[in-house]
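In: please work out how this folds:
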Amino acid sequence: MTIRTLAGAGVSALLVASVATLSLSHGAAPAVATARVDPKDAKAAADCAADAQRMLAKKQWDKAVKLAEEAVGLNGQDAGYRALLGAAYLRAGRFASAEQAYRDVITLQPDNGRAALNLALAQIGTGKWDEARVTLDAHAETIAPADRGLAIALAGDPAGAVEVLTVAARSAEADAKTRQNLALAYAMAGRWAEARALVSVDLDAGAVDARLGEWASFVRPRSASDQVASLLGVTPVVDPGQPVALALAGTVPVTTAETVDAFMPGRADPAVEKAVVADAAASAEPAEPAEPAVAMAPAVPAAPAPAHVIAAQPAGYKVAPAPRRAAAPAAAAVRMPAKGDWFVQLGAYQNAAVAKDGWGRAARRLPVLARLNPNGATATVKGASVYRLSVGGFARTDAVALCRGLRARGGPCFVRGGVGEQIAAWHKASPNRLAKTAPRGKGAQLAAR
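Out: Next comes the predicted model:
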């Protein structure tokens, strides 16, 4: 079911189950063993759920949340009630609570693609883009490609979204929504020419510029929740999390994290175009271990110094040679990224000089970059010339891993195809140039996958 027709807002409709009109499946067999529900509790739960649906229809989100929580409290093993609770949480702007609710739905109904899509949106809204991509990959067979593609873009992988949506747009079942989702993915990937061409298929010429202007704002969110909140038409709030009493037996409730200024796909400084984040679903690079604490040993009385005894050296005495220091072990061979057509964009700057400073900052965050060649390409964004800084010519998996390593250290990046990059002129002229071509199997270690 469509949450909202977003044509007027310039954002393609994204199917989010259970948000507008909910079809509850109380009779569905749960995926885990359950205790029998008292008939009175079952009736009361059904009444609360019906009232919650009415509150959703009236846009009284807080009341809907309260009623849905009551329904789940009375019959926590009903996947439909938990889906209703997740919908209410999403509408109330409580993404962390919605994440837990939809996790519980999937525990009860592992093949519920609608719940999986909503779970991914909730994860995106809380900044858990890696987890969202894992969710979308795991449920790829049960989520409609048009919806999954746009969700992938929202989760920070616009290049991957374009791949999924291109296939969907070429199918016989493709409709205007599919094409517009692909157009938006193009825009989020910075491919504005393709976005314009595709938008023109379904809109009059006079509406194309307005649509692209709205998308230009959409692709530059300032917080983790901006894009999902825009799709849902909600205002994010401080979320205390789902009540512990509603936790599904055998599950661990999701706890809310402290608010951080997380990097979002497409986040930009108003003056220049910034990078967006894209990578494959994989584990984050492990943090370096902290230095071990050193405990002070208790003081002990000094022993009296022994008398200095001089003894005659025996015949044939030789001075033992000083022990030799063991040679430091050779550094383990590390692997250079495999060659390919993918680049990691590190930012877009006013000029090459500013980009050079940006490269230095990125290399300090992720030292492996010092072994690689920075690339530059000029582009025109909103009539202004910008210098796109990137590193690449890699296989996609390696480009994704490199971007992941930089993101793990707080740096912005995203993965995209080539746009005519050349090795930066200032790097060619540098006397301290470190990057060299290395055979596969040697060189710089990429981030852990």
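
In: that's a strand at K66, yeah?
Out: No - counting by DSSP: H, G, I helix; E, B strand; the rest coil, K66 falls outside a strand, being helix.

In: number the chain from 391, please
Out: In the new count, where the first residue is 391, that last one comes out as K456.

In: number of residues surrounding it?
Out: By the criterion of other Cβ atoms under 10 Å, K456 has 15 neighbours. C-betas here are computed from N, CA, C, even on glycine.

In: need phi/psi at F804.
Out: Dihedral angles of F804 (phi, psi; degrees, to the nearest 10) stand at phi -160, psi 160.

In: same question for the one 3 residues further on.
Out: Here the main-chain torsion angles of G807 (degrees, to the nearest 10) amount to phi -80, psi 170.

In: and for the residue lying closest to it once chain neighbours are set aside, the neighbour number?
Out: Nearest residue to G807 in three dimensions, chain neighbours excluded: D731, at 6.0 Å (Cβ to Cβ, 6 or more residues apart in numbering). Burial of D731 is recorded as 12 neighbouring residues (other Cβ under 10 Å).

In: how about A769?
Out: Neighbour count of A769, defined by other Cβ under 10 Å: 15.

In: Three-state assignment for it, please.
Out: Per three-state DSSP, the secondary structure class of A769 is strand.

In: and it, what does it touch?
Out: E663, A738, S775, V776, R778, V809 (Cβ atoms under 8 Å, 6 or more residues apart in numbering).

In: one more time with 7 Å, if that's ok
Out: V776, R778 (Cβ atoms under 7 Å, 6 or more residues apart in numbering).

In: give me the beta-bridge partners of it?
Out: Note on A769: beta-bridge partners by DSSP bridges are V776.

In: ok so, going back, if I look at the residue nearest to G807, how far off is A579?
Out: Counting by Cβ to Cβ, to the nearest Å, the separation of D731 from A579 is 14 Å.

In: do C438 as well
Out: 44 Å.

In: can you dump the C-alpha atoms of the strand or helix carrying L555 in CSV for me?
Out: Using DSSP states H and E, L555 sits in helix 548-559. Extracted as CSV, the C-alpha positions of helix 548-559 are listed here (Å, rounded to 0.1, in the frame of the first residue of the first chain):
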residue,chain,number,x,y,z
PRO,A,548,22.6,5.0,-5.3
ALA,A,549,24.9,3.2,-7.8
GLY,A,550,23.5,-0.1,-6.6
ALA,A,551,20.0,1.3,-6.7
VAL,A,552,20.4,2.3,-10.4
GLU,A,553,21.4,-1.2,-11.2
VAL,A,554,18.3,-2.7,-9.6
LEU,A,555,15.9,-0.1,-10.9
THR,A,556,17.3,-0.2,-14.5
VAL,A,557,16.3,-3.8,-14.7
ALA,A,558,12.9,-3.1,-13.1
ALA,A,559,12.3,-0.2,-15.5
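
In: helices and strands around the lengthiest helix in the chain, which ones?
Out: Longest helix of the chain, by residue count under DSSP state H: helix 429-447. Helix 429-447 sits against helix 451-464, helix 469-481, with contacts defined as 3 or more Cβ pairs under 7 Å, 6 or more residues apart in numbering; DSSP states H and E.

In: so which of these gets nearest H529?
Out: Among the helices and strands packed on helix 429-447, helix 469-481 comes nearest to H529, with 14.5 Å by Cβ to Cβ.

In: quick one on the thing from earlier: could you identify which of the helices and strands packed on helix 429-447 is most buried?
Out: Mean neighbours per residue, mean count of other Cβ atoms under 10 Å, is largest over these for helix 469-481, with a mean of 28.

In: contacts for stretch 522-540?
Out: Residues from elsewhere that reach stretch 522-540 (Cβ under 7 Å, 6+ apart): 402, 404-405, 501, 503, 506-507, 509-510, 513-514, 541-542, 545, 547, 551, 554-555, 557-558, 567-568, 571, 574-575, 670-671.

In: got it, and stretch 774-788?
Out: Under Cβ under 7 Å, 6+ apart, the answer for stretch 774-788 is 662-663, 670, 727-730, 732-742, 745, 748-749, 759, 762-769, 789, 805, 811, 836.

In: next: stretch 543-555.
Out: 510, 514, 519, 522-523, 526, 535-536, 538-540, 542, 568, 571-572, 574-576, 578-579, 617-618, 655, 666-669, 805-807.

In: buried set for it?
Out: Across stretch 543-555, burial judged by 16 or more other Cβ atoms under 10 Å covers A543, L544, A545, G546, D547, P548, A549, G550, A551, V552, V554, L555.

In: max pairwise distance over these: which two?
Out: Spatial extent of the buried residues of stretch 543-555 (Cβ to Cβ) is set by the pair G546 and L555 at 15.4 Å.

In: so which elements touch the strand or helix carrying V495?
Out: Under the criterion of DSSP H and E, V495 resides in helix 485-498. When contacts are defined as 3+ Cβ pairs under 7 Å, 6+ apart, helix 485-498 packs onto helix 469-481, helix 503-515.

In: of the helices and strands packed on helix 429-447, which is nearest R755?
Out: helix 469-481 (34.3 Å).

In: V734 should be in a strand, yeah?
Out: Yes - assigned with three-state DSSP, V734 falls within a strand.

In: can you redo the helices and strands packed on helix 485-498 as CSV with mean pLDDT?
Out: Converted to CSV, the helices and strands packed on helix 485-498 look like this (pLDDT from 0 to 100):
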stretch, mean pLDDT
helix 469-481, 96
helix 503-515, 95
